[in-house]
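1. predicted model and sequence below, questions to follow.
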Amino acid sequence: MSEPQTSEPPLIPEQRRDLIVRHLRQDSVLSYRQLAGLLGVSHMTIRRDIAELEEQGRVIATQGGAKSVARVASEPPRVEKSTTEVREKDAIAARAARLVHESMTVYLDAGTTIQAMRPYLDHLHDLTVVTNDLVIASSYLDHPTIEVIVVGGRLDKQNQSTVGRLPSIVLAELSIDIAFLSTSSWDLRRGITIPSESKVEPKKAAARAAGSTVLVATSSKYGTFGRYRVLGLDELSTIITDDGLPLRDAASIEADGGGGTSVERVTVSR
């Protein structure tokens, strides 16, 4: 952990807050007690500083402390993502699938969390699945009644999906009931963000074509951000995540959305 500050002159609030951010970048997560000791100030001062820094989008308050806001520079390959947070993804996928009914047209964005919805949709008939995910599309090859529309485009071999402008051209011609979007990063201030520009337009086009848009993402991605912005959280109908998202963050998201965005925290058996 970082060494305590020993400088004599008291710091002005901005200097103190900059130090808090620096400590968190080094240690990722620190308690109020640890931060108070490092800066030589009271717990109440640290709590006020954390509240202000969270308002600025520079840190995320946690139960008893704070964590850094991390930039996501790139996404891991699909084969790696498929082996992480399997229980969380399955629980989220099961809940998301309950929003889908027969005769709907749904967009399934590329990603392993949304891929986990596949077995929970198997019983539906007269369903149209629109997707840019080649793994999801191929999983329906033997389904007798579900129609699949693959939105073509440039192939992202690492994530086995189509990207770029071409998918948005197809999506503009469709009327979608629900778009289920995935993301590598999301937070209250920046919304849905991703590190790859080529994935922005398909996600935006799906949201424009849909009657409602649902974010399907694990809580571990909350409080992180990528270079490119897709949507604000207030532009979503629903966010389905796991119970690792603190209740206070869920409440903040719903309040910021003016009641238009609901957050569902799914219990994960561990």
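-> Thanks, I have the structure now.
2. longest single helix anywhere in the protein?
-> The helix spanning the most residues in the chain, taking DSSP state H as the definition, is helix 13-27.
3. which other residues reach that one?
-> Defining contact as Cβ atoms under 8 Å, 6 or more residues apart in numbering, one finds that helix 13-27 is touched by 1-2, 5, 11, 30, 35, 38-39, 41, 45-46, 49-50, 52-53, 58-59, 66-68. No exception for glycine: its C-beta is placed from N, CA and C like everyone else's.
4. average model confidence for that helix?
-> Taken as a whole, helix 13-27 has a mean pLDDT of 84.
5. same check, this time on stretch 89-99
-> pLDDT averaged over stretch 89-99 gives 98.
6. for that stretch, what is the distance to the chain centroid?
-> Relative to the chain's own centre, stretch 89-99 is displaced by 15 Å; criterion: Cα atoms, centre = their mean, to the nearest Å.
7. backbone dihedrals for the one residue sitting closest to the centre of the chain, please?
-> Centroid-nearest residue in the chain: W186, 4.0 Å away (criterion: Cα atoms, centre = their mean). Here is the backbone geometry of W186 (degrees, to the nearest 10): phi -160, psi 150.
8. the spatially closest residue to it that is not a sequence neighbour pairs with what?
-> Counting by Cβ to Cβ, 6 or more residues apart in numbering, the nearest residue to W186 once its immediate chain neighbours are dropped is I192, at 5.1 Å. Counting by DSSP bridges, I192 forms beta bridges with W186, L231.
9. could you pull out the strands in the stretch 51-200 of the chain for me?
-> Per DSSP state E, counting those that start in this stretch, the stretch 51-200 of the chain carries strands over the ranges 59-62, 65-68, 70-71, 105-108, 128-131, 147-150, 154-156, 161-163, 176-181, 185-187, 191-194.
10. tabulate those (a markdown table), appending mean pLDDT and distance to I239.
-> Shown next, in a markdown table, are those (pLDDT from 0 to 100; distance: least, Cβ to Cβ, whole Å):
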| stretch | mean pLDDT | distance to I239 |
| --- | --- | --- |
| strand 59-62 | 84 | 16 |
| strand 65-68 | 87 | 19 |
| strand 70-71 | 80 | 19 |
| strand 105-108 | 98 | 16 |
| strand 128-131 | 98 | 20 |
| strand 147-150 | 97 | 25 |
| strand 154-156 | 95 | 25 |
| strand 161-163 | 96 | 22 |
| strand 176-181 | 98 | 10 |
| strand 185-187 | 93 | 8 |
| strand 191-194 | 96 | 10 |
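11. tabulate the ones you listed in TSV, adding columns for distance to T261.
-> Listed next are the strands of the stretch 51-200 of the chain as TSV, based on distance: least, Cβ to Cβ, whole Å:
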stretch	distance to T261
strand 59-62	18
strand 65-68	23
strand 70-71	23
strand 105-108	18
strand 128-131	23
strand 147-150	27
strand 154-156	28
strand 161-163	26
strand 176-181	13
strand 185-187	12
strand 191-194	11
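12. please consider this matter closed, and thank you.
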